[in-house]
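> the amino acid sequence is not available; the structure is as follows:
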């Protein structure tokens, strides 16, 4: 069960990172979309798990590697945004969210376009 405080901190992190990634995508010359699909914060507000959806798929590993390398800058960024609202800035863990890919794969299978034979 998430507390109201956890939900509030998670929402702030999600909104700030969504805006940051939107700006970074607009500035880059490539057509890459990075969206923050979910944020989960531990009960002590010490760790934030940030789930990202990255499109197109061929850029996922490169973008995730780049995000992991710049994790300290992202923590500084969120620290400046949340400095007045929390005592401790959470550690950031980024994860790739592939739930939309799973949905697309299931829909293909149901249409008979995948590996499953139509019965």
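That came in fine, so what should we check first? Computed from a prediction, not measured in an experiment: that's the story for all the values here.
> start and end of stretch 65-84, how far apart?
From its first residue to its last, stretch 65-84 covers 30 Å (CA to CA, to the nearest Å).
> list the buried residues for that stretch?
67, 74, 77, 78, 81, 82 (16 or more other CB atoms under 10 Å). Every C-beta, even on glycine, is put in place using the N, C-alpha and C of the backbone.
> quick one: least confident helix or strand in the protein?
helix 99-111 (a mean of 80; mean pLDDT, DSSP states H and E).
> now tell me what touches that helix from outside.
Residues outside helix 99-111 that contact it (CB atoms under 8 Å, 6 or more residues apart in numbering) are 37, 53, 57, 114, 115, 116.
> kindly report the same for stretch 22-38.
Contacts of stretch 22-38 (CB under 8 Å, 6+ apart): 14, 17-18, 21, 50-56, 59, 63, 97, 99.
> about what we covered before: among the buried residues of stretch 65-84, which are located in helices?
67, 74, 77, 78, 81, 82 (DSSP state H).
> what stretches of this structure score poorly on pLDDT?
Along the chain, the model assigns pLDDT under 70 to residues 116-119.
> the strands in it, which residues?
Counting by DSSP state E, the chain has strands at residues 33-41, 47-55, 91-96.
> what's the last one in contact with?
This points to strand 91-96. 46-54, 60, 64, 67-68, 71, 74-75, 78.
> ok, the residue nearest the centre of the chain - contacts?
What sits nearest the mean C-alpha location of the chain, by CA atoms, centre = their mean, is residue 52, with 2.4 Å. Shown in contact with residue 52 (CB under 8 Å, 6+ apart): 21, 34, 35, 36, 37, 64, 67, 94, 95, 96, 97.
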